[in-house]
Each structure stands twice: as structure tokens, then as C-alpha cells.
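Student: Provided below are the primary sequence and the corresponding predicted coordinates.
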Amino acid sequence: MTAAIVVDGLAKVYRKSWSREAVHALRGISLTVEPGEAFGFVGPNGAGKSTTIKIIMGLLRPTDGHVLIFGESAVLPCARRGVGYVPESPYLQDCLTPMEILEMGLALHRVEVGDRRAHCMEWLDRMALGHVATKALRTFSKGMVQRVALAQALCIKPRLLVLDEPLSGLDPIGRRAVVDTLAEYKRGGGTLFFSSHVLHDVERLADRFGLVHEGRLRAVRSPAELTGEEDLVLVRTFGEIPVAGMREDFPGRWIGEVCSAELWEHLARLRESGHALIEVRQTLSLESAFLKAVERQ
Ligand SMILES: Nc1ncnc2c1ncn2[C@@H]1O[C@H](COP(=O)(O)OP(=O)(O)OP(=O)(O)O)[C@@H](O)[C@H]1O
């Protein structure tokens, strides 16, 4: 079967025109995403996520390497037909309405649907935008614009969705709605490639995670491999006295990760020291897996 995305030996050097300084944003990234797979591309700010995504979408030329989308070179416009894309900060014409933007998406991707407006309305409703379907975007908040862009990407019945930080700018309710919609797209056999630096938001979406740092892919893991590697519980508290295993996050607020086997003992120590619990939750420890992968290299 043809892979949905093949990224082969991607390198990108940005050169600033006013100086000879070069930024090595990508230093040889290779990965493959299979049809029906959800691949999370995670890493800290400046790791090279957006650069990779722009090259996949044919918006930037790599310095070296190449990308194939369903077997066709990403530089060919036909490779991007049926590919839903939402950039990190979507720029949509603010004189247009959400309905016009979705209809334009259908036309550009040459998607045939029975009743165009009803189809677009369905997606706008799912993104809680039905009530503003015919209002110009200029009055919309950042989160609303983000949801219009997501509705446009989804309404074209994409064979592949490429999303750069899909949850940025969304409030907790918007984040939940988008994660649920993407999970449903994935359950229906959709292929998804997304970037994020907010790991716990996206843990349940990806079949595999690529951990990227300083332009290099440091590790590729499935959630099962990550949970097998670690069995950690995140604990956050209010308190005045330092407790072993906890570090001060903000004045008077503490955070720590403990093995689940040691959790009760740790909670007892916190209680004795007068700490009040804010949160105790299982983590898939993507964050620590990421840090370890970086430390190892
Ligand atoms: N147009 C550009 N010109 C020069 N340097 C750039 C340009 N775009 C990105 N960079 C640099 O390339 C590196 C990778 O940037 P990129 O935007 O791909 O990272 P990212 O992982 O998407 O970060 P973030 O999570 O902050 O969006 C950074 O050092 C960034 O400063």
C-alpha cells in the first residue's frame, strides 16, 4: 500500500538576507505515515515542526531531501488535492463568512456533495459556529477563526489531515470538541499528521509520536511503548514546606512525578507536610519520554 506521507532526509537552512547567519531548522528528518494512521509530531518551540509541515504542504522548498504524499511529490499541486491543512495561525480573509470559506474549500478541492450548504452547515454546527455561519470573520475571536479553519479542512472529506498545533488558541471546551472530532475522523479511517507541544492534550489522538528536537527526530514511539517505559503519576499541590520528589512550580504550588507503586506513600508525606492536593493524574509520560530521548543524545 502507498504510504500517506514519506518524509525522506529533510533538511532546511534558513538564511537571513541581511546577514550571513544560517539557521539549521531541519537536520535530516525521515519518517513514514501509513494510511489510516494518526502521527503526532511533538517537540518544544523552535524544534522544526512548522518547517516540516510547510514542506509537506509544498509551501516551502527543503534545502535537501523530499516529501511524497500518497506517492506524489509534495511540490506538485495535485498531491495536495483532498489534503485538509490548518496552519499554526490560519489567515482567512476577514470579509468572508464561514459559509463562504467552507464552500470555497469544496470548490478548490473539487469535492462533490449533494447539498453544498447543508454539508457546510453540518460542519459549522459541529464546530459550534452554526449561529455565525453568515457573519463576516472580522468580528471573530482567534479561537473562532481556528475552528472555521478546522471546519474547512474537515468538510472537504480529506484523505489526509495536516494540522499545525490544532489546539492552539482554543479554550478547554473548544479543545475537547476538536479532539473529539479528530478522534472520530481517525475512527472512520482518516489519516492524520499533527504537531503539538501540549502533549497531554493530544495523547489520545496519535498511534505514534515522533519526538523532534533541534531539527532532528529523536525517537518515534507508540503510546503503548511509552506507558511500558514509565508508570508515572503526576501530583500537583499547594503547600509551604518542600517535600522530597516535589519541585516548586510557582510560589506555594508544587509539582512532581512519582511511580504509581510509591503514590500512597508520597501522598501521606504530602499530607504530613500540610500540602493540599490540586491534581493527581496518570500520565502517559510523553513529556518525560521526550526529555529522556533528548538527554540520551
Ligand atoms: N522564515 C524563517 N527565517 C529564519 N528562521 C526561521 C524561519 N522560520 C523558522 N525559523 C527558525 O527555524 C527553527 C524552527 O522553527 P519552526 O517554526 O519550524 O519550529 P516549531 O517547532 O514549529 O516551533 P513552535 O512550536 O514555536 O511553532 C527556529 O529556530 C526558528 O527560529
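Tutor: Noted; the coordinates are in hand.

Student: What is the end-to-end distance of stretch 224-241?
Tutor: Taking CA to CA, to the nearest Å, the first and last residues of stretch 224-241 lie 36 Å apart.

Student: Per-residue pLDDT of Phe70, please?
Tutor: Listed pLDDT for Phe70 reads 95.

Student: The nearest residue in space to it that is not next to it in sequence: what secondary structure?
Tutor: Spatial nearest neighbour of Phe70, chain neighbours left out: Thr2 (5.5 Å); criterion: CB to CB, 6 or more residues apart in numbering. To be clear about C-beta, it is placed using only N, CA and C from the backbone, and glycine gets the same treatment. Recorded secondary structure, Thr2: coil (DSSP: H, G, I helix; E, B strand; the rest coil).

Student: before we move on, what about Ser50?
Tutor: Quick answer, by three-state DSSP: Ser50 is helix.

Student: That one: neighbour count?
Tutor: Ser50: 20 surrounding residues under other CB atoms under 10 Å.

Student: show me the contacts for it.
Tutor: Contact analysis of Ser50 by CB atoms under 8 Å, 6 or more residues apart in numbering lists 87-88, 164, 195.

Student: Let's see that with 10 Å instead.
Tutor: Contacts of Ser50 were listed using CB atoms under 10 Å, 6 or more residues apart in numbering, and they are 25, 41, 59-60, 87-89, 164-165, 195.

Student: returning to that earlier point: how close does the residue nearest to Phe70 sit to the ligand?
Tutor: Distance, Thr2 to the ligand, by CB to the nearest ligand atom, to the nearest Å: 27 Å.

Student: do you know how far that residue is from Val220?
Tutor: 20 Å (CB to CB, to the nearest Å).

Student: Same check on Met144?
Tutor: For Met144, the distance to Val220 (CB to CB) stands at 34 Å.

Student: Looking at those two, which one has more neighbours?
Tutor: A direct count of neighbours by other CB under 10 Å for Met144 and Val220 places Met144 higher, at 20 against 15.

Student: Assign a three-state SS to that one, would you?
Tutor: helix.

Student: number of nearby residues for Ala177?
Tutor: 17.

Student: secondary structure element for it?
Tutor: helix 172-187 (DSSP states H and E).

Student: who does that helix touch, helix- and strand-wise?
Tutor: Contacts defined by 3 or more CB pairs under 10 Å, 6 or more residues apart in numbering; DSSP states H and E place helix 172-187 against strand 38-42, helix 116-126, helix 142-155, strand 160-164, strand 192-196, helix 199-202.

Student: which other residues reach it?
Tutor: Applying CB under 10 Å, 6+ apart, the contact partners of helix 172-187 are 36-38, 84, 86, 123, 126-128, 141, 143-144, 146-147, 150-151, 153-154, 157-158, 161, 163, 166-171, 190-192, 194, 198, 201-207.

Student: among these, which ones are buried?
Tutor: 37-38, 84, 86, 123, 126-127, 143-144, 146-147, 150-151, 153-154, 158, 161, 163, 166-170, 190-192, 194, 201-203, 205-207 (16 or more other CB atoms under 10 Å).

Student: Leu108 against Arg81, yeah?
Tutor: Yes - Leu108 is in contact with Arg81 according to CB atoms under 10 Å; the separation is 8.6 Å.

Student: tell me, what's touching those two both at once?
Tutor: Here Leu108 and Arg81 have Ile156 as joint contacts, going by CB under 10 Å, 6+ apart.

Student: sorry, back to before: just the contacts of Ser50 now: which is nearest the ligand?
Tutor: Lowest distance from the ligand to these (CB to the nearest ligand atom) belongs to Ala25, with 3.4 Å.

Student: where are the low-confidence patches of this protein?
Tutor: Per-residue confidence of the chain (counting by pLDDT under 70) places the weak regions at 18-20, 198-202, 226-230, 283-297.
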